[in-house]
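K.L.:
Fold the following for me, if possible:
(chains A, B, C and D)
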There are 2 protein chains.
Amino acid sequence: MHATKQISVDRHDLAILAELQRDGHITNSALGEKVHLSTSQVGRRVQRLQDAGVIDHFAAVLDPMAIGLGVMAFVQVVLGRHGDVQGEQFERAVADMPEVLECFAVTGEADYMVRIVAQDLAAFSTFMMNHLLRVPGVTNVKSNIAIKKIKQLNVLPLDHVTQPNPSKQKIYFTPA
Amino acid sequence: MHATKQISVDRHDLAILAELQRDGHITNSALGEKVHLSTSQVGRRVQRLQDAGVIDHFAAVLDPMAIGLGVMAFVQVVLGRHGDVQGEQFERAVADMPEVLECFAVTGEADYMVRIVAQDLAAFSTFMMNHLLRVPGVTNVKSNIAIKKIKQLNVLPLDHVTQPNPSKQKIYFTPA
DNA sequence: TGTGAAAAAAACACGTG
DNA sequence: CACGTGTTTTTTTCACA
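P.N.:
Numbering: from 1, shown residues only, chains lettered A, B, ... in the order given. Predicted structure coming up:
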């Protein structure tokens, strides 16, 4: 799926990545005009970025509202301390729940941060009662339900790579 | 940007959406084979879904690690209670911070849930000190730093739309 | 690395049920 | 009026200079 090899990313690549995050269906020639590169250059670079795993994949971004998902919530989960078995059990459980978009083991008071989507508050409540809270080991949960979206970017920042030194600077990463 | 009109979504559309969430660069004919539809059908449906705003846009999904973003954190922010001015001020501030991928006003103990990415812990710490904590009104923050990714889907679930009744069922949404 | 040819895919218009 | 078919245009891919 994602081939990870060492790669050098210059400012042209960054410009390409920035644009491709906003519009994954832009043609190579149109992209070339934006970043002042030839069509073939763009084509080769995009291919390289994909092969290197910098671009994981392309995807359609859906509007949750439009498919009837009106509720999004962040749920902090605390597990009882009874060994690692519960951790694995919990992780396997959430992996199978389509309502769970994301799950991270985190530092802080909670063990896991889980992002959940549901049709409405009733559906969310039902899901919590019948599924998440029933996973063995789940001791305590705190739900933060989104009531207003201030900002939502699927777009990763690329500024930190950009250098004050403008010209032929290249930055090297060694992913894994 | 997104034209929102009423639309009927049947099970074929759902199959298309599911696939397009996984691979936004699949061709209409390849998609047609998967969902047992003709190429022209797929083309028309995808166009319709875009026009209706169900598909917001297409995008390249990058690997955070590959571009040097090793830290992701969920930060709960509590604002001091001094009127709505602070809320607006905070919301405008985070909107301009590229490290902030997401920000939601939420229910619960915190006022906002903010998702942040950074190069490493040092960069995250610096960002918190020099930027987020300096936004006027920010009284208290709780950071949960991701230490292990259990699951991360940009893919919204579509099951809730699917009906036990299989055949020509159509589901109607009225977005906004 | 750019250029041009070949292949593929998307967009479009048409005829048919 | 929705659907498939065929045509045209665009875009990608590939070989070569």
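
K.L.:
From now on I want contacts and neighbour counts done on CA atoms only, so please keep to that.
P.N.:
Noted.

K.L.:
for chain A, what spans make up the helices?
P.N.:
A:11-22, A:28-35, A:39-51, A:84-95, A:121-130 (DSSP state H).

K.L.:
so what does the shortest one touch, helix or strand wise?
P.N.:
It stands for helix A:28-35. Applying 3 or more C-alpha pairs under 8 Å, 6 or more residues apart in numbering or on different chains; DSSP states H and E, we find helix A:28-35 packed against helix A:11-22, helix A:39-51.

K.L.:
and it, is it in reach of DNA strand D?
P.N.:
Yes - applying C-alpha under 7 Å from any atom of the strand, one finds helix A:28-35 in contact with DNA strand D at A:Asn28, A:Ser29.

K.L.:
list the buried ones in that helix?
P.N.:
For helix A:28-35, burial by neighbour count (16 or more other C-alpha atoms under 10 Å in any protein chain shown) applies to A:Asn28, A:Ser29, A:Leu31, A:Gly32, A:Val35.

K.L.:
Include mean pLDDT when you put the helices of chain A into a markdown table, please.
P.N.:
Output for those, formatted as a markdown table (pLDDT from 0 to 100):
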| stretch | mean pLDDT |
| --- | --- |
| helix A:11-22 | 95 |
| helix A:28-35 | 96 |
| helix A:39-51 | 96 |
| helix A:84-95 | 93 |
| helix A:121-130 | 97 |
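
K.L.:
re the thing from before, now, which of the buried residues of helix A:28-35 sits nearest B:Gly53?
P.N.:
Nearest to B:Gly53 among the buried residues of helix A:28-35: A:Leu31, at 23.6 Å, using C-alpha to C-alpha.

K.L.:
can you tell me which residues contact the nearest residue to A:Ile55 once chain neighbours are set aside?
P.N.:
Excluding its sequence neighbours, the residue lying closest to A:Ile55 (C-alpha to C-alpha, 6 or more residues apart in numbering or on different chains) is B:Leu62, at 4.5 Å. B:Leu62 makes contact with A:Gln21, A:Gly53, A:Val54, A:Ile55, A:Asp56, A:His57, A:Leu156, according to C-alpha atoms under 8 Å, 6 or more residues apart in numbering or on different chains.

K.L.:
Assess the claim that the fourth one and B:Met65 are in contact.
P.N.:
Yep, that's A:Ile55 we're talking about. No - taking contacts as C-alpha atoms under 8 Å, A:Ile55 lies outside contact range of B:Met65: 10.9 Å.

K.L.:
who's more crowded, these two?
P.N.:
A:Ile55 (23 against 16; other C-alpha atoms under 10 Å in any protein chain shown).

K.L.:
Check what pLDDT the more buried one gets.
P.N.:
According to the prediction, A:Ile55 has pLDDT 96.

K.L.:
Kindly provide the distance from it to B:Val46.
P.N.:
23 Å (C-alpha to C-alpha, to the nearest Å).

K.L.:
The closest residue to DNA strand D within chain A: how many residues sit nearby?
P.N.:
Residue nearest to DNA strand D within chain A: A:Thr27 (3.5 Å; C-alpha to the nearest atom of the strand). The number of residues packed around A:Thr27, counting by other C-alpha under 10 Å, is 13.

K.L.:
Now for A:Pro136: which residues touch it?
P.N.:
A:Gln86, A:Gln89, A:Phe90.

K.L.:
Just the buried ones out of the residues you listed, please.
P.N.:
Buried among those (16+ other C-alpha under 10 Å): A:Gln86, A:Phe90.

K.L.:
thinking again about what came up before, pLDDT wise, what is the residue of chain A closest to DNA strand D at?
P.N.:
97.
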